[in-house]
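Participant: Quick one, what's the 3D model for this:
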Amino acid sequence: MAYKKILAITMASVMLALSACSASAPNNVEKPKMESDSIQIGLSIDSLLIERWSRERDLFVSKAQELGAEVNVQNANGAVEEQIKQIRYFIDKKMDVIVVIAIDDIALKDTIEAARREGIKVIAYDRPIRNANVDLYLSVDNEKVGELMAEYIKKDIGNEGTIIQVKGSPTDYNVQMVQDGFERVLSTTKIKVDYAEFSNGWVAENGFTVTDEYLQTGKVPDAIMCGNDNLAAHAIRALIEHRLGGKVCVVGQDADLEACQRIVEGTQYMTVYKPVEKLAIKAAERAVDMANGIPLGLKYTFNDGTYDVPYEKLKPIAVTKANMDEVITGKYHQKNEIYLNVQKK
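Facilitator: The predicted structure follows:
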């Protein structure tokens, strides 16, 4: 009896030891992963080829991390199908909030609805997503952007003249809102739009193509309205090749560094500065608030085609050589960078 009891105790000890070894062996047993207690945010970006998105990504991630959130950043490289896959990936990962810089204002509808059915909050950042009933549309006042472009063209060329337009992507609804504001101001003048074309996918080289083809007809516009500063850069390249650099009023938006350089050099007349630092930081703050169930308390709504969604808009600022230092220098770009190619007088 004593022998059997000792044997039983020994065997039990061996089994416990084997069990412990098996549980700790990484090659045989996969340990379950512990879910993070941090707020999880997915950020899907249109394309990092556009200068401003890199800046805003960094600001957004930094602020979100400061607030205790983790951010998974995905770059769609301008491909809407890739962006849809990224958002579905975020849904599968059970993100608390998804922030989207939309490539196509209509194509994302079903995917965004799928995210919201899973209880995931969605922020349409900078660009609206149509008919999707997002939890927040956060942007600048895009109609005001268009108004500023038209007002400064009028300021430069007067109440009459001929202009051409190199617009942004037709799948970006902001382009339509900018156009609405632009046309509202132009309707009070005798300025005529002689030619206008969209730039699918925001392909910057279209600025050169449209401008060059127009100039080859023998006509010279009084002004060129460009959907952003990348398009303006290529429109100005065409003007320079036709010996018209600095002789035609060119306007854009985004206050890219090279645009600011062109403005102080005299080849671009104005750009529209959108306070993207505030926009990115505000988006991170709103995303964390949403994840924590804090009400937004906004007074504006935006009709996305079907739903009135909460809308937070920031004020854009027109930038010319006259107010460059006041608005941009030392705040958005550094003085030595802006004036790299010129001596400030």
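
Participant: Taking the centroid of this protein, which residue is nearest it?
Facilitator: Ile101 (4.9 Å; Cα atoms, centre = their mean).

Participant: So, low pLDDT: which residues of the stretch 1-150 of the chain?
Facilitator: 1-36 (pLDDT under 70).

Participant: now the helices: where do they sit in it?
Facilitator: For the stretch 1-150 of the chain, the helices defined by DSSP state H, counting those that start in this stretch cover 2-24, 51-66, 80-92, 109-117, 142-157.

Participant: on that earlier part again, for the residue nearest to the centre of the chain, list the residues it contacts.
Facilitator: 44-46, 53, 125-127 (Cβ atoms under 8 Å, 6 or more residues apart in numbering). For the C-beta atoms, the positions are set from N, CA and C on the backbone; glycine is no exception.

Participant: Let's have these in CSV, adding distance to Tyr137 and neighbour count.
Facilitator: Below are the contacts of Ile101 laid out as CSV (distance: Cβ to Cβ, whole Å; neighbours: other Cβ atoms under 10 Å):
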residue, distance to Tyr137, neighbour count
Ser44, 15, 26
Ile45, 17, 24
Asp46, 16, 26
Trp53, 17, 20
Tyr125, 8, 29
Asp126, 9, 25
Arg127, 9, 23
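
Participant: mind listing which of those are in strands?
Facilitator: If you go by DSSP state E, these have 44-45, 125 in strands.

Participant: Just name the closest of those residues to Val166, please.
Facilitator: Closest to Val166 out of those is Ile45 (23.3 Å), distances taken as Cβ to Cβ.

Participant: ok, that closest one touching Asn77?
Facilitator: No: if you go by Cβ atoms under 8 Å, Ile45 and Asn77 don't touch, sitting 9.1 Å apart.

Participant: possible to save the contacts of Ile101 as CSV with distance to Lys190?
Facilitator: Shown next, in CSV, are those (distance: Cβ to Cβ, whole Å):
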residue, distance to Lys190
Ser44, 44
Ile45, 41
Asp46, 37
Trp53, 38
Tyr125, 38
Asp126, 33
Arg127, 33
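
Participant: circling back to that earlier point, any chance of the ones in strands among the contacts of Ile101 in a markdown table, plus distance to Ile87?
Facilitator: Listed next are the ones in strands among the contacts of Ile101 as a markdown table, based on distance: Cβ to Cβ, whole Å:
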| residue | distance to Ile87 |
| --- | --- |
| Ser44 | 6 |
| Ile45 | 12 |
| Tyr125 | 13 |
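
Participant: for these, which one is nearest Arg237?
Facilitator: Nearest to Arg237 among the ones in strands among the contacts of Ile101, with distances taken as Cβ to Cβ, is Ile45, at 26.6 Å.

Participant: For that closest one, give its distance to Gln83.
Facilitator: 9 Å (Cβ to Cβ, to the nearest Å).

Participant: any idea how far Tyr137 is from the residue nearest to the centre of the chain?
Facilitator: For Ile101 relative to Tyr137 (Cβ to Cβ), the value is 12 Å.

Participant: Lys278: neighbouring residues, count only.
Facilitator: 13 (other Cβ atoms under 10 Å).

Participant: what pLDDT does it get?
Facilitator: Lys278 is assigned a pLDDT of 93 by the prediction.

Participant: just use 47 as the starting number from now, easier for me
Facilitator: With 47 as the first residue, the last one maps to Lys324.

Participant: Could you find the closest non-adjacent residue to it?
Facilitator: Closest residue to Lys324 apart from its sequence neighbours, by Cβ to Cβ, 6 or more residues apart in numbering: Leu360 at 5.9 Å.

Participant: where exactly do the helices run in the stretch 197-346 of the chain?
Facilitator: Going by DSSP H, counting those that start in this stretch, the stretch 197-346 of the chain shows helices at 219-232, 252-261, 275-287, 303-311, 322-337.

Participant: and the closest residue in space to Thr352 that isn't next to it in sequence, what does it touch?
Facilitator: Nearest non-adjacent residue to Thr352, counting by Cβ to Cβ, 6+ apart: Asn177, 4.4 Å away. Listed by Cβ under 8 Å, 6+ apart, the contact set of Asn177 reads 152, 155, 350-353.

Participant: can you rerun that using 7 Å?
Facilitator: By Cβ atoms under 7 Å, 6 or more residues apart in numbering, the contact set of Asn177 is 155, 350-352.

Participant: Give me the buried entries from those.
Facilitator: 155, 350 (16 or more other Cβ atoms under 10 Å).

Participant: Columns distance to Thr366 and secondary structure on top of the contacts of Asn177, output as TSV?
Facilitator: Output for the contacts of Asn177, formatted as TSV (distance: Cβ to Cβ, whole Å; DSSP: H, G, I helix; E, B strand; the rest coil):
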residue	distance to Thr366	secondary structure
Lys155	39	helix
Asp350	34	coil
Gly351	35	coil
Thr352	39	coil
